[in-house]
Structures are given as structure tokens and as C-alpha cells.
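Engineer: Show me how the following folds:
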Amino acid sequence: MSLEGAAWRRFIVLGDAGAKGRGSARGRSSPVSWADRVAETLRSARPDLAYLNLGRRGHSAAQVRAKQLAKALAFRCDLAAVVAGGHEALRDPFDVDATEAELHRIVGPLRDSGADVITLGWYSPSLLAPASREHTSGLRERLRLLAERTREVALQHGALHVDVAPGGNGQADVGDRELAAAVIRRLVSHLHTPRIPA
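Structural biologist: Numbers count the residues shown, from 1 in each chain. Okay, here's the model as predicted:
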């Protein structure tokens, strides 16, 4: 299976530090985030793909909605990735209900515009801005809770959800390369899933 035949022409990424990724060195100066890797793979099937990453470190889900959503809709994307809520999960207490409500307010309008939407259910703490030591305790549990709620949001809106968990070989972290591969596998699966006529 491959992304050959993919019809997406305009790919946008919204979110917090997880949307920007950690990056890895290409040569000496050009970082390649998970989103950049996904865009590169999409361009292998459609060279004219337009790509924009609006992700900002430190943005809460409410700020993603307030400052990025209108730009994404104006971009007329047909594929969007939403990575939000991680900024809130860095802190304890974590109001997961409020975060879920904001995710609905982001994913819903994107889906209503006709775009396919990808949500990410787990991105490792290393992809986020460092948390202070006092907030580190319980971070993985808060990210797990965020992942569950994000999956529910995706299900309700018919979005494509990607669950990325720590590696089964004892690897406690998930980097940009692994995250990009998981997103691409989900897109390939979506392309090759038979559609049921309405």
C-alpha cells in the first residue's frame, strides 16, 4: 500500500508544541519535524501539495482555536492535523473537560469545511516544551487521559485518529520519525478502506 492516488492538495497542521515536533538534523541546520515528513511523503504522490504548519509552542487548545482555526479555514485545507491539549496536560490540575470542549470547537469546523482531519492520541512528553519538575509527576497519565478524550472527539466528528504509544521494546519515547510513520500508515489505511455507498 502507498499514498499513490491521494487527492489531498492542501495540508495544514494546527496545535501546540506537539504540532511543531522536536525535529532532527538534516545536514546541520534544517530540522525535519514529523509534520514536515508527512508533507514530504504526501508530495511524493502529489508534488503540487500546499503545506502550512501553524503550530506554536505554548498555545493552549483555546488559543489554537482562537488564533489558528480561522487561518486554517482560510487556507481551504482538505487535510488537517490537530495536535492540541498537550500544553494544558503539562500542568496539574488538568481540566480535561474544558480541553475536550475546545478540541470539538477545532475539529468540528474543519470537518464541516469538508477537510479530512487527523488527530493524535499520544505524543511523547519530549515533543512538548519541558515541564517544570513540580509538574512532571503524573504527566504520562494526563497525556493518556488527553489521548482518550481526543479519540472520542475524532470518533464523533468522523476524523482519522492516530494512537501513538511508547514502543513495546522498552522504548519510553516516541520521536518525530515514528510519529510521522504512524500518521502516514493511518492515511494509507484510510485511502485503501472501501467506501460504503450512502
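
Engineer: out of everything not next to it in sequence, what's closest to the residue sitting nearest the centre point of the chain?
Structural biologist: Nearest to the geometric centre of the chain sits residue 83, at 3.7 Å (C-alpha atoms, centre = their mean). Spatial nearest neighbour of residue 83, chain neighbours left out: residue 15 (3.4 Å); criterion: C-beta to C-beta, 6 or more residues apart in numbering. From N, CA and C alone the C-beta is placed, and that goes for glycine too.

Engineer: Does the one you found touch residue 80 like I think?
Structural biologist: No - at 10.0 Å, residue 15 does not count as touching residue 80 under the criterion of C-beta atoms under 8 Å.

Engineer: what's the overlap in contacts for these two?
Structural biologist: Common neighbours of residue 15 and residue 80 (criterion: C-beta atoms under 8 Å, 6 or more residues apart in numbering): none identified.

Engineer: Now the residue nearest to residue 83: phi and psi?
Structural biologist: Residue 15 adopts backbone torsions of phi 150, psi -160, taken as degrees, to the nearest 10.

Engineer: And the pLDDT for it?
Structural biologist: Turning to residue 15, the model gives it a pLDDT of 95.

Engineer: need the contact list for it.
Structural biologist: 54, 55, 59, 64, 68, 81, 82, 83, 84, 86.

Engineer: Adding pLDDT, distance to residue 160 and secondary structure, write those out as JSON lines.
Structural biologist: Listed next are these as JSON lines, based on pLDDT from 0 to 100; distance: C-beta to C-beta, whole Å; DSSP: H, G, I helix; E, B strand; the rest coil:
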{"residue": "54", "pLDDT": "97", "distance to residue 160": "19", "secondary structure": "coil"}
{"residue": "55", "pLDDT": "94", "distance to residue 160": "18", "secondary structure": "coil"}
{"residue": "59", "pLDDT": "95", "distance to residue 160": "22", "secondary structure": "coil"}
{"residue": "64", "pLDDT": "97", "distance to residue 160": "18", "secondary structure": "helix"}
{"residue": "68", "pLDDT": "98", "distance to residue 160": "19", "secondary structure": "helix"}
{"residue": "81", "pLDDT": "98", "distance to residue 160": "9", "secondary structure": "strand"}
{"residue": "82", "pLDDT": "97", "distance to residue 160": "10", "secondary structure": "strand"}
{"residue": "83", "pLDDT": "95", "distance to residue 160": "13", "secondary structure": "strand"}
{"residue": "84", "pLDDT": "95", "distance to residue 160": "16", "secondary structure": "coil"}
{"residue": "86", "pLDDT": "90", "distance to residue 160": "19", "secondary structure": "helix"}
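
Engineer: Looks like residue 188 contacts residue 5 (just checking).
Structural biologist: No - assessed by C-beta under 8 Å, residue 188 is found out of contact with residue 5, at 10.5 Å.
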